[in-house]
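K.L.:
what follows is a protein structure lacking sequence information:
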Ligand code: NAP
């Protein structure tokens, strides 16, 4: 039997941890399947997606910078699920009867990790998101009308306004607060959960994305950065005895949900988590 082929496209993509995680899952279930990284520049995206069937690729993850353009391709040539349509971006394709079906598992992956890893249920709570880029958008659009409030701040005022106007097209606009830099500390002091959705903290030499003094008692902290076993923010929050996690769980569960969409099988979550942890540890020591 020919191997089933899966993969991730991005540009660049060679540092992606998805191949290690997904291949560990295939091998744990004894599946004849292989997941590869495909470096595809923006100009080559349509041609690559057109050739999925002839390349016998059954499922794909999509990462930066292709998530929005790939959604456009799937809209023209296949089917988009409701969550991906609302978000306006996809991170997963399943080829069914030769046609691409588009999904976005980032928001659901975040949610599952928030509830299972951080033990925080966002419904009715006050959420503060630092950053209004792609990941913050996936999170805010998945949380939707669940939280009491979602306050978002970003150094890029145009991006912040873009997320606000996108959110209000689908959800109760009174729940969403676009917060300028001068009001960010106050908004955080009134929040139950801080989500860092900026790249600040990816380098060990980075400053904290918020002042340590702003991490108040009872605050839950979700830092979506995953390239370090613990970021500066997670370390500082833990020092203050707050509940805090990195984004390893978000990365894990977006992959778990994609795996289940592609294969219809229950993903071996513990195997995938272990593979990710080991890859992060070895990338750091190399
Ligand atoms: P992005 O689209 O570039 O968005 C990040 C936003 O944060 C940008 O608008 C950026 O503004 C802003 N920003 C930077 N520093 C800031 C600060 N000090 N205060 C307020 N806003 C600030 O990036 P992304 O794709 O959303 O990714 C963000 C981070 O999430 C990355 O570290 C990425 O690795 C991580 N991530 C994790 C997962 C996961 O599965 N765990 C998934 C996706 C992304 P400028 O553009 O002006 O700098």
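P.N.:
Arrived safely. Quick caveat, the model's predicted, so the values are computed rather than measured. Numbering: from 1, shown residues only.
K.L.:
give the contact list for residue 151.
P.N.:
By Cβ atoms under 8 Å, 6 or more residues apart in numbering, the contact list for residue 151 reads 126-129, 177, 179, 187-188, 190-191. For every residue, glycine as well, the C-beta is placed using N, CA and C.
K.L.:
what's around the residue nearest to residue 209 when sequence neighbours are not counted, how many residues?
P.N.:
Nearest non-adjacent residue to residue 209, counting by Cβ to Cβ, 6 or more residues apart in numbering: residue 200, 4.1 Å away. When neighbours are counted by other Cβ atoms under 10 Å, residue 200 registers 20.
K.L.:
go on, residue 233?
P.N.:
Neighbour number of residue 233 under other Cβ under 10 Å is 26.
K.L.:
so how far is residue 132 from it?
P.N.:
18 Å (Cβ to Cβ, to the nearest Å).
K.L.:
for the stretch 101-250 of the chain, which residues are neighbours of the ligand?
P.N.:
Counting by Cβ under 6 Å from any ligand atom, the stretch 101-250 of the chain comes close to the ligand at 106, 130-136, 153-156, 159, 197-200, 202, 209, 224-226, 247, 250.
K.L.:
buried among those? Need that as a selection in PyMOL.
P.N.:
Typed into PyMOL, the line below selects the buried ones among these, using 16 or more other Cβ atoms under 10 Å:
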select buried, resi 106+130+131+132+133+134+135+136+153+154+159+197+198+200+209+224+225+226+247+250
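K.L.:
and the residue nearest to residue 209, that's in a helix?
P.N.:
No. Membership of residue 200 in a helix is not supported by DSSP: H, G, I helix; E, B strand; the rest coil, which gives coil.
K.L.:
isn't it up against residue 210?
P.N.:
No. Between residue 200 and residue 210 there is no contact under Cβ atoms under 8 Å: 9.2 Å.
K.L.:
which residues touch the nearest residue to residue 183 once chain neighbours are set aside?
P.N.:
What sits nearest to residue 183 in space, not counting adjacent residues and going by Cβ to Cβ, 6+ apart, is residue 153, at 8.0 Å. Neighbour list for residue 153: 128-130, 132, 160, 178-181, 183-184, 187 [criterion: Cβ under 8 Å, 6+ apart].
K.L.:
try it again with 7 Å
P.N.:
130, 160, 179, 181, 184 (Cβ atoms under 7 Å, 6 or more residues apart in numbering).
K.L.:
list buried residues within those residues.
P.N.:
130, 160, 179, 184.
K.L.:
the last one: which element?
P.N.:
This means residue 184. Here residue 184, judged by DSSP states H and E, is contained in helix 184-189.
K.L.:
moving C-terminal of that helix, what's the next helix or strand?
P.N.:
Taking DSSP H and E, what comes next after helix 184-189 is strand 193-196.
K.L.:
ok, that next one: who's next to it in the sheet?
P.N.:
strand 126-130 (parallel), strand 220-223 (parallel) (DSSP bridges).
K.L.:
what about that strand, average pLDDT?
P.N.:
Average pLDDT, strand 193-196: 98.
K.L.:
kindly report the same for stretch 170-190.
P.N.:
Over the span of stretch 170-190, the pLDDT mean works out to 97.
K.L.:
now do that stretch: everything it contacts.
P.N.:
Against stretch 170-190 from outside (Cβ under 7 Å, 6+ apart): 86, 126, 128, 144-145, 147, 149-153, 160-161, 164, 167-168, 194, 210, 214, 216.
K.L.:
that stretch: end-to-end distance?
P.N.:
End-to-end distance for stretch 170-190: 25 Å, by Cα to Cα, to the nearest Å.
K.L.:
how about stretch 69-82, which residues are buried there?
P.N.:
70-75, 78, 80-81.
K.L.:
same check on stretch 158-165?
P.N.:
Neighbour-count burial for stretch 158-165 [16+ other Cβ under 10 Å]: 159-160, 162-164.
K.L.:
residue 203: which element?
P.N.:
Counting by DSSP H and E, residue 203 is found in no helix or strand.
K.L.:
thank you, goodbye.
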